[in-house]
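> Sequence and predicted model, in that order:
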Amino acid sequence: MKLILAIRDWFHRRYSEDRIRLSPSRGSLVRLKTGDRVLIRENLFVVVDQKSIFTEQESQVIYRLREQDPSVSKEAKLSVELIGNELKFVSAKLEYNGEIIELFEDDPVIVGPDVPPSHA
């Protein structure tokens, strides 16, 4: 009986609450993994590291990026800010070359780990 009640409660929570809805590009910013390539404003980066901070007030995913070109050793930081435990998208910023660039919905393009750089 407990199992039936647990399943019923799960379905009720799943379909009665408003779930997180992000556009594909915004959602993909939160799902980046080490080794993924990201094309942002004509710069191709590789995700080197990721750190997540989740609190009740705010949540943030911070990525350390480096340029795809091995002859260039420039790094960048991509910060994706979310609202608390709801994980609703607030903003994304790229710190690169001493600038802070506000990213918009159509800016980031996920290239993926297995696509050769010549196709980006």
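Received it, and whenever you're ready, just let me know what you need.

> CA atoms for contacts and neighbours, from now on please.
Will do.

> Mind listing the residues bridging to the closest residue to residue 78 other than its chain neighbours?
Counting by C-alpha to C-alpha, 6 or more residues apart in numbering, residue 94 is the residue found nearest to residue 78 once chain neighbours are left out, at 4.5 Å. Here residue 94 sits in beta bridges with residue 78, residue 101, as judged by DSSP bridges.

> Near residue 94, how many other residues are there?
Around residue 94 there are 20 other residues, counting by other C-alpha atoms under 10 Å.

> Over to residue 33?
17.

> quick one: contacts for it?
Residue 33 makes contacts with 47, 50, as judged by C-alpha atoms under 8 Å, 6 or more residues apart in numbering.

> would you say it is within a strand?
No: using DSSP: H, G, I helix; E, B strand; the rest coil, the assignment for residue 33 is coil, not a strand.

> how near is it to residue 66?
Plainly put, residue 33 is 13 Å away from residue 66 if you go by C-alpha to C-alpha, to the nearest Å.
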